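Novice: What follows is a protein structure lacking sequence information:
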């Protein structure tokens, strides 16, 4: 499966600091056997939308974003994602937030996980999911996504239930 990692961060895109979440995601997905493109670091807002559309157009089976899901005026990744997807898969985003909160003992958790506005959905035959832009959110995303991504991609391609 082809997977693209997109990091939405104005500061990382400007070289103010090095993003740490994108490499965690890319490494985790490579270790799980995915063909990974990225991480691609772009600014928040329209650059994320362009990167998402490019990944869909390039035939990625899965696109995972990191960052741009918070409450500031520049956090626009969910809006850019919503403009591209055909239908939402709310349960995936909810599961990632629950895991991040540590409610079931699967992670140490942080109350900040509930502040992520990340969404998940399907654009054509591409599954897109937004993660918050921290190392912890990357690890939580991997924990939730790795067991279900093969089934999600199979279902998007009309596989059997």
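Specialist: Perfect, I can see it now. None of these values were measured; they are calculated from a predicted model.
Novice: Which strand or helix spans the closest residue to residue 102 other than its chain neighbours?
Specialist: Spatial nearest neighbour of residue 102, excluding adjacent residues (C-beta to C-beta, 6 or more residues apart in numbering): residue 109 at 1.8 Å. Heads up, the C-betas are built off the backbone N, CA and C, glycines and all. Residue 109 is part of no helix or strand when elements are defined by DSSP states H and E.
Novice: ok, residue 109 - how many residues close by?
Specialist: 17 (other C-beta atoms under 10 Å).
Novice: residues in contact with it?
Specialist: Listed by C-beta atoms under 8 Å, 6 or more residues apart in numbering, the contact partners of residue 109 are 100-103.
Novice: correct me, but residue 29 touches residue 39?
Specialist: No: using C-beta atoms under 8 Å, residue 29 is not in contact with residue 39; the gap is 10.3 Å.
Novice: what residues do these two have in common as contacts?
Specialist: Jointly contacting residue 29 and residue 39 under the rule C-beta under 8 Å, 6+ apart are residue 5.
Novice: Mind jotting down where the helices sit in this protein?
Specialist: Counting by DSSP state H, the chain has helices at residues 10-13, 21-31, 46-57, 77-82, 90-101, 135-145, 149-156.
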